[in-house]
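Asker: From the sequence below, what's the structure:
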Amino acid sequence: MASTIEMQLAAKYWDAIKAGKKTAEVRVFDPKRQTIRLRDTIVFTNVETGEKLSREVSELRFYPDFRSAISDYGLRKLLPDSPSLEEGIERYNAFGSGEKNFKTAAKKYGVLLIGFRK
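Answerer: All right, here's what the predicted structure looks like:
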């Protein structure tokens, strides 16, 4: 049975999903993300406006780190406004704080790429 997962996004990433420019989300493969299955619905919330949009999970890929995920899937499909792979990696590594810092958590859990469609 398909589940619904809530995820928050900065406005620029939410807008990119809405416009069809961002076709996947990359997150740490922590216990919350370990429950995601194909055909689940992700409800993305724009953290600045509270607007929501839904996408169906159509693809799941596991990677050891953000570099591998971005390199394999493509920078423009994940971070349409990022000028370089290195900056994209730094953006992901900077998210969160303490044990929830993406860079630290990715070393522990790995990274999940979640592909989606409308």
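
Asker: Helix or strand: which one has residue 115?
Answerer: strand 111-117 (DSSP states H and E).

Asker: Give the pairing partners of that strand; include direction for each.
Answerer: The strands beside strand 111-117 in its sheet (DSSP bridges) come out as strand 24-28 (antiparallel), strand 52-63 (antiparallel).

Asker: which parts of it are buried?
Answerer: 111, 112, 113, 114, 115, 116 (16 or more other Cβ atoms under 10 Å). Bear in mind the C-beta positions are built from the backbone N, C-alpha and C, glycine included.

Asker: Please name the bridge partners of residue 24.
Answerer: Residues in beta-bridge contact with residue 24 (DSSP bridges): residue 115.

Asker: if I read this right, it contacts residue 111, doesn't it?
Answerer: No: contact criterion Cβ atoms under 8 Å: residue 24 and residue 111 do not qualify, at 11.5 Å.

Asker: picking that back up, looking at the strands paired with strand 111-117, which is buried most?
Answerer: strand 24-28 (a mean of 21; mean count of other Cβ atoms under 10 Å).

Asker: average model confidence for it?
Answerer: Average pLDDT, strand 24-28: 95.

Asker: Tell me which helix or strand comes right after it.
Answerer: Past strand 24-28, the next helix or strand by DSSP H and E is strand 41-46.

Asker: Which residues lie in contact with the closest residue to residue 9 other than its chain neighbours in this structure?
Answerer: Distances taken as Cβ to Cβ, 6 or more residues apart in numbering put residue 44 closest to residue 9, at 5.2 Å, once the chain neighbours are dropped. Taking Cβ atoms under 8 Å, 6 or more residues apart in numbering as the contact definition, residue 44 lies against 7, 8, 9, 14, 17, 25, 52, 53, 54, 55.

Asker: what's the angle between the helix or strand hosting residue 15 and strand 52-63?
Answerer: Assigned by DSSP H and E, residue 15 belongs to helix 11-18. With axes from the mean of the first three to the mean of the last three Cα atoms, to 10 degrees applied, the angle from helix 11-18 to strand 52-63 works out at 90 degrees.
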